[in-house]
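# Give me the fold of what follows.
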Amino acid sequence: MIAAIAETGRLVAIASGKGGVGKTWFSATLADGLARTGRRVLLVDWDFGLANLDVQLGLTPGCDMMQVLRRGQPIADAIINFAPRLDILAGSSGTGAMAGLDTETLDHLLAAVRICAQDYDYVICDLAAGLDQGVRRMAAAADLLLVVVTDEPTSLTDAYAVLKLHGRDGDAGRGEIIVNRAKSPPSGTRTYATLAHACTAFLGHTPPLAGIIRNDERVPDSIRRQTPLLTRHPNCPAAQDVEAVVQRLLIPTRVDR
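Residues are numbered from 1 along each chain as shown. From the prediction side, this is the model:
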């Protein structure tokens, strides 16, 4: 595990295990919501090889992490400003070399992200789907791991696997659950209870519920429009639910540099 540098922003990793559960959308919306409270936020695309945060947000990065590695440039060269107090560290898409990074390179990137974090209150890291080495090392290094799950059996199974391995790699107490696309709050509570019960029974630990995000037709609309949900539909149910997660995560803002 990479040791945290004093006075860095809080590193929050977003994982899912299974793809297609809305993890990247949630990462971007959470980061946007935190920035709207006046916190400085860095949103990191940690999906090596299939990065798509830039696509969801309608960005065309001039530099990404693969280019940084190839050219030996500072990782800060891949950071772009998206909105007031919200910056994005672009990942790399369609590059097999990024998907197979060795431990030394991963540790170098982790340390570089921690150094960048000194300029932010929060660093939100959108992890890749799956359980490869890069995902596990960033999850273990994070101050908080949020695991996004839906009510699909495969999503529940994969989320359980993420939490199980996180307990082995890092601190199980730093893992929490986000239920996405819930038909209703009671339905979301039942989904959480199913996963929590398995964790309690087989892992000896019950991860807390960090939030329930209701299924909302405005979410795919905002993705198609490449516009943040909190901008396009700020009062819709899903936006309200993400705002509730934001409030749960808030910590006092450090003095601006």
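
# which intervals of the protein have sub-threshold pLDDT?
Filtered on pLDDT under 70, the chain yields the residue ranges 1-8, 49, 93-100, 251-257.

# from the chain's centre, how far out does the lengthiest strand in it sit?
Across the chain, the longest stretch assigned as strand under DSSP state E is strand 175-182. Strand 175-182 has its C-alpha centroid displaced from the chain centroid by 12 Å (Cα atoms, centre = their mean, to the nearest Å).

# which strands and helices sit next to that strand?
Strand 175-182 sits against strand 144-149, helix 153-169, helix 185-203, strand 209-214, with contacts defined as 3 or more Cβ pairs under 8 Å, 6 or more residues apart in numbering; DSSP states H and E. Backbone N, C-alpha and C define where each C-beta goes, glycine included.

# Same list (these) but as TSV, adding mean neighbour count.
As requested, the helices and strands packed on strand 175-182 are exported to TSV (neighbours: other Cβ atoms under 10 Å):
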stretch	mean neighbour count
strand 144-149	27
helix 153-169	19
helix 185-203	16
strand 209-214	22
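
# Out of these, which is closest to residue 91?
Nearest of these to residue 91, taken as Cβ to Cβ: strand 144-149 at 17.6 Å.

# what residues does that closest one touch?
Outside strand 144-149, the residues that touch it by Cβ atoms under 8 Å, 6 or more residues apart in numbering are 10-17, 21-23, 26, 139, 155-156, 159, 162-163, 166, 170, 174-180, 191-192, 195, 207, 210, 249.

# Just checking: what are the partner strands of that strand?
The strands that strand 144-149 pairs with in its sheet are strand 10-15 (parallel), strand 175-182 (parallel) (by DSSP bridges).

# Pipe the ones you listed into a markdown table and attach distance to residue 149 and mean neighbour count per row.
Output for these, formatted as a markdown table (distance: least, Cβ to Cβ, whole Å; neighbours: other Cβ atoms under 10 Å):
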| stretch | distance to residue 149 | mean neighbour count |
| --- | --- | --- |
| strand 10-15 | 10 | 25 |
| strand 175-182 | 6 | 25 |
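
# Tabulate these in CSV, adding columns for distance to residue 82.
Shown next, in CSV, are those (distance: least, Cβ to Cβ, whole Å):
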stretch, distance to residue 82
strand 10-15, 17
strand 175-182, 22
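
# closest one to residue 80 among these?
Residue 80 lies closest, by Cβ to Cβ, to one member of the strands paired with strand 144-149: strand 10-15, at 19.5 Å.

# now the angle from the closest one to strand 209-214?
Strand 10-15 runs at 50 degrees relative to strand 209-214, counting by axes from the mean of the first three to the mean of the last three Cα atoms, to 10 degrees.

# Just want the angle from strand 10-15 to helix 153-169.
140 degrees.

# List the contacts of strand 10-15.
Residues from elsewhere that reach strand 10-15 (Cβ under 8 Å, 6+ apart): 4, 23, 26-27, 30, 46, 113-114, 117, 121-127, 135, 138-139, 141-148, 162, 166, 178, 249, 251.

# Take the residues you listed and keep only those in strands.
Using DSSP E, 46, 122-127, 144-148, 178 are the members of the contacts of strand 10-15 that sit in strands.

# is it possible to export the helices and strands packed on strand 175-182 to JSON lines including distance to residue 103?
Listed next are the helices and strands packed on strand 175-182 as JSON lines, based on distance: least, Cβ to Cβ, whole Å:
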{"stretch": "strand 144-149", "distance to residue 103": "20"}
{"stretch": "helix 153-169", "distance to residue 103": "13"}
{"stretch": "helix 185-203", "distance to residue 103": "26"}
{"stretch": "strand 209-214", "distance to residue 103": "30"}
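
# Among those, single out whichever gets nearest to residue 52.
For residue 52, the closest of the helices and strands packed on strand 175-182 is strand 144-149, at 15.1 Å, according to Cβ to Cβ.
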